[in-house]
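[1] can't give you the sequence, but here's the structure:
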Ligand code: HEM
């Protein structure tokens with residue numbers, strides 16, 4: 001993690017954003033269980049009513065955070081992949097973008113179908129896959145500089161060592 005500069009912060013913000021997204025999702029899933037509705041119109045009315053309980057009012061926040069975090073991750077992962085020499089990083093960035101778009105579609109389907117259990121499971125599975133892919137993407141980005149440094153140190157032990165690589 002040392003000497004990763006802005007890359008590390010870019011990844012930490014993305015990871016924190018997906019964490020916040022998952023937390024709001026878990027709370028609204030609880031709200032859907034505690035306050036079930038029979039029609040989409042009734043659910044939307046609940047969403048905007050000022051006297052609705054907290055988990056219901058959060059229903060508008062969850063997709064909004066999803067869109068902001070989605071654009072942020074697309075931008076940051078695209079940028080980092082563009083400047084990375086590691087093909088694995090590009091593969092993870094592509095997978096992340098594809099999974100995020102699928103998850104946005106699954107979220108919309110969840111709302112339209114009034115969150116049946118099978119759709120909740122699909123949404124939860126995609127959320128896990130987004131998280132796993134983001135962690136793998138972050139790990140491969142943070143490792144790329146280290147691998148390059150290891151090769152440089154091996155070729156020329158007294159030469160450049162960009163991230164302060166040591167054998168230990
Ligand atoms: C793209 C990133 C998204 C992620 C990572 C995400 C993540 C999650 C998570 C972890 C849950 C809790 C699931 C559970 O505990 O059962 C959840 C619930 C939910 N999300 Fe999302 N979500 C995303 C996008 C969206 C969008 C765009 C919408 C709506 C347009 C949406 C609508 C819902 C609804 C209605 C629930 C409650 C029902 C359920 O449990 O599936 N989500 N989300």
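    Perfect, I can see it now. It should be emphasised that the depicted structure is a prediction, and the values quoted were computed from it without experimental measurement.
[2] Would you tell me which residues of this protein are close to the ligand?
    18, 21-22, 25-26, 28-29, 32, 62-63, 66, 70, 100, 103-104, 107-108, 110-111, 115, 120, 123-124, 127, 130 (CB under 6 Å from any ligand atom). No exception for glycine: its C-beta is placed from N, CA and C like everyone else's.
[3] Among those residues, which are located in helices?
    18, 21-22, 25-26, 28-29, 32, 62-63, 66, 70, 100, 103-104, 107-108, 110-111, 120, 123-124, 127, 130 (DSSP state H).
[4] which residues of the protein score low on pLDDT?
    Across the chain, the ranges flagged by pLDDT under 70 are 145-156, 159-168.
[5] ok, now with 90
    Across the chain, the ranges flagged by pLDDT under 90 are 1-7, 32-33, 36-38, 46-48, 50, 83-86, 115, 143-168.
[6] Report the contact partners of the spatially closest residue to residue 60 that is not a sequence neighbour.
    Computed as CB to CB, 6 or more residues apart in numbering, the closest residue to residue 60 that is not its neighbour in sequence is residue 47, at 5.5 Å. Neighbouring residues of residue 47 by CB atoms under 8 Å, 6 or more residues apart in numbering: 56-57, 59-60.
[7] ok, back up a step: pull out the buried members of the residues of the chain next to the ligand.
    The neighbour-count test (16 or more other CB atoms under 10 Å) marks 18, 21-22, 25, 28-29, 32, 62-63, 66, 70, 100, 103, 107, 110-111, 115, 120, 123, 127, 130 as buried among the residues of the chain next to the ligand.
[8] picking up where we left off before, farthest pair within the contacts of residue 47?
    Spanning the widest gap among those are 56 and 60, at 9.3 Å by CB to CB.
[9] quick one, which of these two is more surrounded?
    Neighbours per residue (other CB atoms under 10 Å) separate residue 56 from residue 60, with residue 56 holding more: 21 against 13.
[10] Just to check, the more buried one is in contact with residue 46?
    Yes: here residue 56 reaches residue 46: they are 5.1 Å apart, a contact under CB atoms under 8 Å.
[11] what's the overlap in contacts for those two?
    Common neighbours of residue 56 and residue 46 (CB under 8 Å, 6+ apart) are residue 35.
[12] Off-centre distance for stretch 50-61?
    From the chain centre to the centre of stretch 50-61 is a distance of 23 Å (CA atoms, centre = their mean, to the nearest Å).
[13] So what touches it?
    The contact list for stretch 50-61, computed with CB under 8 Å, 6+ apart, reads 24, 27-28, 30-32, 34-35, 43, 46-49.
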